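Asker: here you go, sequence then predicted model.
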Amino acid sequence: MSLETLIDLFRDRESARPRPDLLRHKTGSGWASVSSQELGELVRSVSQGLVSLGVSPGDRVALLSETRYEWTVADHAILAAGATTVPIYPTLLADQVSYILRDSEPAVIFCSTAEQVEKLFSIADLPPSLQHVVCFEQVRHAETLTLGKLAQLGEARRKENPEDFERRASAIRSDDLATLIYTSGTTGDPKGVMLTHDNLVQNVLNTLKVLKLDAHDVALSFLPLSHVLERTAHYFILFSGAQMCYAQSVHTVADDLLEIRPTVMVSVPRLYEKIYEKVLTSARGAGGLKEKLFFWAKEAGKRHAAIASVGGSPPLGVSFKARVADRLVFKKIRAATGGRLSRVVSGGAPLAGEIAEFFYSAGIPICEGYGLTETSPVIAVNPPAKIKFGSVGPAIPGVEVKIGEDGEILTRSRSVMKGYYKKPGATAEVFKDGWLRTGDIGRLDGDGYIFITDRKKDIIVTAAGKNLAPQPIEAKLKKSALVAEAALIGDRRKYVVALIVPSFEVLDQHARANGIEAASQEELLAHPGVRAAYQRVVDDVNANLPRFEQIKKFALLDSEFSIESGELTPTLKVKRRVVQKKFAALIDEMYGSDGDD
């Protein structure tokens, strides 16, 4: 079968590599399985149900849902009808959902739960194009259909027109619009990224050449399917013949890992950071010999990883110590993830090299990658056999990368988007002589591995005209277990300051260990002993920075950044402009009343 569209991938997978347990999801009575045949039948019925509702090729159909197996059903059904999927993050507020609906003008929207339905109907200005609401669950709302009812409509249509599904699926062309994905809007209103079937199919096939999967693999899914990384990962995992398991929620991942025992997982760095913080906190809390043993093992693993990760052969002594470290420490960490993880992918944000080294030492190599929504998304990824810590790997096959004169990473391939929906000006602005301008600053080493140093728009220009990249400095701050998040400020200012979000669990343990008592969190953060601890973290970072990059002052925030409070995008990137605006008074206080020193 020619593989030109996402439906071609779906039908090839269904016929060439069927399995009785293709999808697994948790129910009240345990883990339930959906076979390839069952998925195929449900997709066909739901797709024909959409046709019964009047959905035509080229129409947009929105999808407002958490990650669950019905998301996969709805997506493939939309695509098979020749329509375009418009995914919407379930964590977005009603006014943000409203913007996407007004811009994309969908004919139908799928909602996952009663909560999402209520959010939808709280919007006063729903577009007139929206004619039908389909909910995955039974809800008390007269203006909705259930997914089951939609499937029944489709079944009736299939009996009347048994060839219609295949006719419509076969009529889809590679350059047809498959999805319209709205960017998270760190610098303004979201833009709809237009990705064709060819964009995504090429990305799936080329990524699989680096991250080789087969029918023996089991994947655990918990990232939002609204995000292009998880979405494309789904396509290549299912096409490879592997099994896909859906976590109950992001909060149950630790339990789901033990029950599913996956071999494959895709995540953003925050999950790995939290696991790392928890392990460090546990080791320090144990104290004595256990603490010393842990840090000895960590160092032994690091020395081994530095050589083995790039395909080298560590000396006998280094290998021996690494085996001892594995037996005494690291195998317990592996067991906590189910014991079978062999290909772990990290994307969406920078991963600290120290964390990558640690997981490699634990026998869980993280293949850090890089991409954009505009590139479907994978541009580069570290191959499992040759991982360079701190890099995002070389470009995958079929993708070209070069560094522009100003240090910006430029790329071109068949996976690069068609453009921004209804925004020809913005589309023209992001292309340069046929190359997509990524907005990231970076460099290539002699092996073609990409090292990202910062976001072009994040570059801070001090009052003295000095340019500095905040992300590497923020990453150094976050190496401390005491720091959960950090944001540097200094644009057009005389010096750099930092807003620091403490890792509150680690801070509480530090306070107990050092006899620091406080009646409230506010009092704890103001305690001289706590301030001194964070000053040491800042001093350690400053020690290796030129004077103009050094952090002169810092403030400790009393709550974490979150999507709900607006400081993070749905992909957990810090919205620097939002942070600066929200904490403007605190920032001005650090600079003095006149904004300077």
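Answerer: Sure, I can see it. Residues are numbered from 1 along each chain as shown.

Asker: give me the phi and psi for residue 440.
Answerer: When read as degrees, to the nearest 10, the backbone of residue 440 gives phi -100, psi 150.

Asker: what does residue 193 give?
Answerer: phi -90, psi 120.

Asker: and it, what's its pLDDT?
Answerer: Listed pLDDT for residue 193 reads 97.

Asker: which residue ranges of the stretch 151-300 of the chain form strands?
Answerer: With DSSP state E, counting those that start in this stretch as the criterion, the stretch 151-300 of the chain has strands at 177-182, 192-196, 218-221, 243-246, 264-267.

Asker: and what of the stretch 351-500 of the chain?
Answerer: Secondary structure of the stretch 351-500 of the chain by DSSP E, counting those that start in this stretch: the strands cover 366-371, 378-381, 400-403, 408-412, 419-420, 431-432, 435-444, 450-455, 460-461, 467-468, 483-489, 496-502.

Asker: what's in contact with the second one?
Answerer: Just to be clear, that refers to strand 378-381. 203, 206-207, 210-211, 232, 345, 347, 367-372, 392-396, 399, 401, 411, 413, 415, 438, 449-450 (CB atoms under 8 Å, 6 or more residues apart in numbering). Every residue, glycine included, has its C-beta placed from N, CA and C.

Asker: lowest confidence element among the helices and strands of this protein?
Answerer: strand 467-468 (a mean of 80; mean pLDDT, DSSP states H and E).

Asker: which strands and helices lie in contact with that one?
Answerer: Packing partners of strand 467-468 (3 or more CB pairs under 8 Å, 6 or more residues apart in numbering; DSSP states H and E): strand 460-461.

Asker: for the strand it packs on, enumerate the helices and strands it packs against.
Answerer: strand 467-468.

Asker: pull the number of nearby residues for residue 584.
Answerer: Using other CB atoms under 10 Å, residue 584 is surrounded by 11 other residues.

Asker: cool, and residue 433?
Answerer: That count, for residue 433 with other CB under 10 Å as the rule, works out to 6.

Asker: next one: residue 58
Answerer: There are 10 residues near residue 58, going by other CB under 10 Å.

Asker: just confirm it is within a strand.
Answerer: No. Secondary structure of residue 58 (DSSP: H, G, I helix; E, B strand; the rest coil): coil, not part of a strand.

Asker: okay, the strands of the stretch 151-300 of the chain in JSON lines with mean neighbour count and distance to residue 16 next?
Answerer: Output for the strands of the stretch 151-300 of the chain, formatted as JSON lines (neighbours: other CB atoms under 10 Å; distance: least, CB to CB, whole Å):
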{"stretch": "strand 177-182", "mean neighbour count": "24", "distance to residue 16": "21"}
{"stretch": "strand 192-196", "mean neighbour count": "23", "distance to residue 16": "24"}
{"stretch": "strand 218-221", "mean neighbour count": "24", "distance to residue 16": "19"}
{"stretch": "strand 243-246", "mean neighbour count": "23", "distance to residue 16": "16"}
{"stretch": "strand 264-267", "mean neighbour count": "25", "distance to residue 16": "20"}
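
Asker: what about stretch 470-489, how long is it end to end?
Answerer: Start and end residues of stretch 470-489 are separated by 8 Å (CA to CA, to the nearest Å).

Asker: sorry, slip of the keys, the one I care about is stretch 217-226.
Answerer: Calculated as CA to CA, the first-to-last residue distance of stretch 217-226 is 23 Å.

Asker: mind checking how far that stretch is from the chain centre?
Answerer: 10 Å (CA atoms, centre = their mean, to the nearest Å).

Asker: same check, this time on stretch 328-345
Answerer: The answer for stretch 328-345 is 21 Å, by CA atoms, centre = their mean.

Asker: what is the mean pLDDT for that stretch?
Answerer: Stretch 328-345 comes out at a mean pLDDT of 94.

Asker: so where's this structure uncertain?
Answerer: Across the chain, the ranges flagged by pLDDT under 70 are 1, 184-188, 571, 593-597.

Asker: per-domain residue ranges of it.
Answerer: 6-214, 459-591 (automatic domain parsing).

Asker: okay, now residue 399: neighbour count?
Answerer: 23.

Asker: my read: residue 232 touches residue 376, true?
Answerer: Yes. With contact defined as CB atoms under 8 Å, residue 232 reaches residue 376; the gap is 6.3 Å.

Asker: anything in contact with each of the two?
Answerer: Contacts common to residue 232 and residue 376, judged by CB under 8 Å, 6+ apart, are 200, 203.

Asker: so these two - more neighbours on which side?
Answerer: Comparing residue 232 with residue 376 by other CB under 10 Å, the one with more neighbours is residue 376, at 34 against 22.

Asker: in this structure that one contacts residue 228, no?
Answerer: Yes. Residue 376 is within contact range of residue 228, at 6.8 Å (criterion: CB under 8 Å).

Asker: give me the common contacts of the two.
Answerer: Joint contacts of residue 376 and residue 228 (CB under 8 Å, 6+ apart) are residue 195.

Asker: next, the contact list for the closest residue in space to residue 470 that isn't next to it in sequence, please.
Answerer: Leaving aside its sequence neighbours, residue 470 sits nearest to residue 488 (CB to CB, 6 or more residues apart in numbering; 3.9 Å). Going by CB under 8 Å, 6+ apart, residue 488 touches 460, 470, 473, 474, 496, 497, 498, 551.

Asker: tell me the residue furthest from the middle of the chain?
Answerer: When distances to the mean C-alpha position of the chain are computed (CA atoms, centre = their mean), the maximum falls on residue 160, with 42.5 Å.

Asker: show me where the stretch 301-450 of the chain has its helices.
Answerer: 316-325, 331-335, 353-361, 424-430 (DSSP state H, counting those that start in this stretch).

Asker: among the ones you listed, which is the most enclosed?
Answerer: helix 353-361 (a mean of 22; mean count of other CB atoms under 10 Å).

Asker: what comes into contact with it?
Answerer: Contacts of helix 353-361 (CB under 8 Å, 6+ apart): 269, 272-273, 276, 279, 297-298, 300-302, 304-306, 308-309, 322, 325, 330, 344, 346, 365-366, 368, 387, 389-390, 479.

Asker: before we move on, back to that, parallel or antiparallel, which strands does the least confident helix or strand of the chain pair with?
Answerer: strand 460-461 (antiparallel) (DSSP bridges).

Asker: for residue 105, which of the helices of the stretch 301-450 of the chain is the nearest?
Answerer: helix 424-430 (17.7 Å; CB to CB).
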